[in-house]
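Student: with the input below, show me the fold.
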Amino acid sequence: MNGQEKFLAAFEQGGTPEFARMMPYGLIVLRDFWDRVIGFPWYEQFDLDINTFLRWRKKYSEAFPQCLMEIYPGEPRGTTSKVFGNYMEWTYPDGRVHRINKPFVGGDFHYKVPEKIPTLEQVEAHFTQYIMTPEKFLSAGYADQPLAAKKAFGQERVMKGHLSSTAWRLLSFLSPEHFFMLLHDNREFIKKALELSWLQTEWEIERVQMTGAEVIWLEECMADMISPADYRELFVPYLQRMTEILRSKNIRSIHYFCGKPDQHLEDIMKIGSDAVSFEEGKKNFGNDIMSLAEYIDGRKVLLGNLDAYSVLEIGNDDVLRQAMEYQKQAGKRNKNRFVYSIGSPPTPDTTPERLYNYFARDF
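Tutor: Numbers count the residues shown, from 1 in each chain. All right, here's what the predicted structure looks like:
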C-alpha cells in the first residue's frame with residue numbers, strides 16, 4: 001500500500017493494516033525548510049508559472065514523502081510578478097499590486113489589538129469582499145495551480161485543502177480580546193457576526209471543491225478557552241454545517257482542535273467530522289494519544305500527535321522509535337482508524353534528515 005491508500009483505508013470502518021504518515025501546516029514547513037530542502041531562489045515558491053510551481057512541488061514531495069499534498073487557490077491568469085531583491089510584487093490584471101517579502105525562517109509575526117470594534121456592516125464587508133461566482137473563480141484561473149498539482153501528484157497523494165472554522169475566523173478578525181469581551185457584554189453582536197462569518201465559510205467550501213480537495217483540514221483555535229455551554233451554542237452548529245456540506249460533496253474532514261480538548265470532547269464527537277487531530281502535550285497541558293484513542297474508540301479516524309520539539313527536534317533515534325511505537329499502539333486501540341501525524345508544525349531547527357526519517361524509516 002502506498003501512503004494514499006493507507007490514508008484512505010483508515011477512513012473505512014475496518015481501518016487500515018498499515019498507518020499512513022503526514023504532517024500539518026505544510027506551508028510553514030515550506031517557509032522554514034525552503035533553503036535547506038528546495039534550494040531554488042526564494043521567490044520561486046511564489047512564482048505563478050505552472051511549470052515552476054510543479055518543479056518545486058516535486059522536490060518538496062520527494063524530501064517529505066507524506067500521504068497528502070496541501071493545495072490552495074492560486075492567483076488569476078494574467079497576474080505578473082517582478083522581483084526586487086528581498087521582495088517581489090504581483091500585479092493583477094485590474095492593476096492592483098501586492099507585495100511579498102522574502103519569508104523569514106520562523107516567521108515574522110507582529111500582533112496588535114485593534115483600537116476599535118468594527119460595526120456589523122464592517123464585519124459583513126470583510127467577510128464578503130472575496131466572494132465570487134464559481135464561474136468567475138474557474139474562468140479567471142484561480143484553480144489552475146491546485147488542479148495541476150492534483151493531475152501531477154494525485155495518483156500517490158491525497159489532495160488536502162484548508163478551512164478555518166466559522167467562529168475561529170471571526171475571533172481572528174475581531175481579535176481575541178474583543179471577541180471575549182463581546183461574548184460577555186454583547187452576545188447578540190457575536191451571534192449576528194457569526195452568521196456574517198458563515199458567508200465566507202460557505203463560499204470557501206465551494207472554493208476548496210473547485211480546487212480538487214479530497215480532504216479538508218478544518219482548523220479551530222482558542223476554543224479551549226470557551227465554556228462548554230458557549231462552545232455548544234456558538235461553535236458547534238457552524239462546524240456541523242461545514243461537515244455536512246463537505247460530506248455531501250464527498251470531501252472528508254479532519255477537525256483540528258488546537259489546545260486542550262477535555263471539556264469539549266463530547267461535543268467534538270458530535271460535530272460530524274470524519275477525523276480528529278489534537279496538539280501534542282505542551283503549554284502546561286497534556287494530550288495523551290492513548291487516552292484519546294480510548295475515548296474515541298474507533299468512532300472517528302484519529303491522527304497522531306507526535307511531539308514536534310521533544311521528539312523530532314531534540315530527541316534521539318531511540319526517542320523517536322519509542323514515540324512512534326506509542327502512537328502505533330494508540331492507532332491499534334482506535335480500531336486501526338489512525339494516521340501518524342505531528343501535533344504541530346515541525347520546528348525550524350529540526351533537520352530535514354530527521355523529518356525525512358519520520359516519513360520514510362521503518363520503525
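Student: contacts, neighbours, all on C-alpha from now
Tutor: Will do.
Student: list the buried residues for stretch 299-315?
Tutor: 300-309, 311-313, 315 (16 or more other CA atoms under 10 Å).
Student: mind listing the helices for the stretch 101-250 of the chain?
Tutor: 120-128, 134-140, 144-153, 166-174, 176-185, 187-210, 228-230, 236-248 (DSSP state H, counting those that start in this stretch).
Student: quick one: closest of these to residue 110.
Tutor: When the helices of the stretch 101-250 of the chain are compared by CA to CA, helix 166-174 sits nearest residue 110, at 13.7 Å.
Student: and that closest one with helix 236-248, angle?
Tutor: Taking axes from the mean of the first three to the mean of the last three CA atoms, to 10 degrees, one finds helix 166-174 and helix 236-248 inclined to each other by 120 degrees.
Student: packing partners for helix 166-174?
Tutor: If contacts are counted by 3 or more CA pairs under 8 Å, 6 or more residues apart in numbering; DSSP states H and E, helix 166-174 sits against helix 187-210, strand 215-220, helix 236-248.
Student: so which of the ones you listed is the most packed in?
Tutor: Highest mean neighbour count of the helices and strands packed on helix 166-174: strand 215-220, a mean of 22 (counted as mean count of other CA atoms under 10 Å).
Student: and that one with helix 187-210, angle?
Tutor: Interaxial angle, strand 215-220 versus helix 187-210 (the same axes, to 10 degrees): 160 degrees.
Student: pull the CA atoms of strand 215-220 into CSV?
Tutor: In CSV, the C-alpha atoms belonging to strand 215-220 read as follows (Å, rounded to 0.1, in the frame of the first residue of the first chain):
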residue,chain,number,x,y,z
VAL,A,215,-9.9,16.1,2.4
ILE,A,216,-10.1,19.3,4.5
TRP,A,217,-8.0,20.4,7.4
LEU,A,218,-10.7,22.1,9.5
GLU,A,219,-8.8,24.3,11.9
GLU,A,220,-10.2,25.5,15.2
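Student: partner strands of it, with direction?
Tutor: Within its sheet, and counting by DSSP bridges, strand 215-220 is paired with strand 158-164 (parallel), strand 252-257 (parallel).
Student: residues touching it, excluding its own?
Tutor: Among residues not part of strand 215-220, those counted as contacts by CA atoms under 8 Å, 6 or more residues apart in numbering are 158-165, 167-168, 251-258.
Student: can we see that at 7 Å?
Tutor: By CA atoms under 7 Å, 6 or more residues apart in numbering, the list of residues contacting strand 215-220 from outside reads 159-165, 168, 251-258.
Student: list the beta-bridge partners for residue 87.
Tutor: Residue 87 has the following beta-bridge partners by DSSP bridges: residue 84, residue 101.
Student: got a list of what it touches?
Tutor: So residue 87 contacts 99-102 (CA under 7 Å, 6+ apart).
Student: over to residue 340?
Tutor: Residue 340 neighbours (CA under 7 Å, 6+ apart): 19-22, 303-304.
Student: closest to residue 269 out of these?
Tutor: residue 303 (14.2 Å).
Student: across the sheet, point out what pairs with the closest one.
Tutor: Taking DSSP bridges as the rule, residue 303 bridges to residue 339.
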